[in-house]
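Trainee: just need the structure, nothing else, for what follows:
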Amino acid sequence: QVQLIESGGGLVEAGGSLRLSCVASGRTFNNYPMAWFRQAPGKEREYIAATFRGTFYTDSVKGRFTISRDDDRNTVFLQMNNLKPEDTAVYYCAASTRWYIVDYSLRSNYEYWGQGTQVTVSS
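Mentor: Numbers count the residues shown, from 1 in each chain. Predicted coordinates:
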């Protein structure tokens, strides 16, 4: 059974930093796309960043967030700096088994999802 387990969320003041981790088990995602999404209360789940033969970001987090991966540990990270209150959301890790993705922001491209970790940024 494939599982993605996120950790590292919490409460932080605006301008602070957090580092999220997502560990995959049940299969390896080496050389497959992995991504982070987030969902704020009352809003749709939105794409943040992906990693697969490069790194890709949505505009709102460019220069503040960094996605990285450790394939030896089957883990993907999201380093979040200069956090803002509007970054408050539940953050989800996602993994795909597709080698060719045109649009990394589409949720339908990812077969596996974590349970989410809460990030709250106070003003």
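
Trainee: quick check: beta-bridge partners of the closest residue to residue 7 other than its chain neighbours?
Mentor: Spatial nearest neighbour of residue 7, chain neighbours left out: residue 21 (5.2 Å); criterion: C-beta to C-beta, 6 or more residues apart in numbering. C-beta: built from backbone N, CA, C; applies to glycine. Residue 21 forms beta bridges with residue 7, residue 77, as assigned by DSSP bridges.

Trainee: spatially central residue in this structure, please.
Mentor: Centroid-nearest residue in the chain, with C-alpha atoms, centre = their mean: residue 36, separated by 2.0 Å.

Trainee: on the three-state scheme, that residue is what?
Mentor: strand (DSSP: H, G, I helix; E, B strand; the rest coil).

Trainee: any idea what it is bridged to?
Mentor: Using DSSP bridges, the bridge partners assigned to residue 36 are residue 49, residue 93.

Trainee: separation between it and residue 109?
Mentor: From residue 36 across to residue 109, the span is 14 Å (C-beta to C-beta, to the nearest Å).

Trainee: returning to that earlier point: make sure the residue nearest to residue 7 is actually in contact with residue 75.
Mentor: Yes. If you go by C-beta atoms under 8 Å, residue 21 and residue 75 touch, sitting 6.0 Å apart.

Trainee: all set now, cheers.
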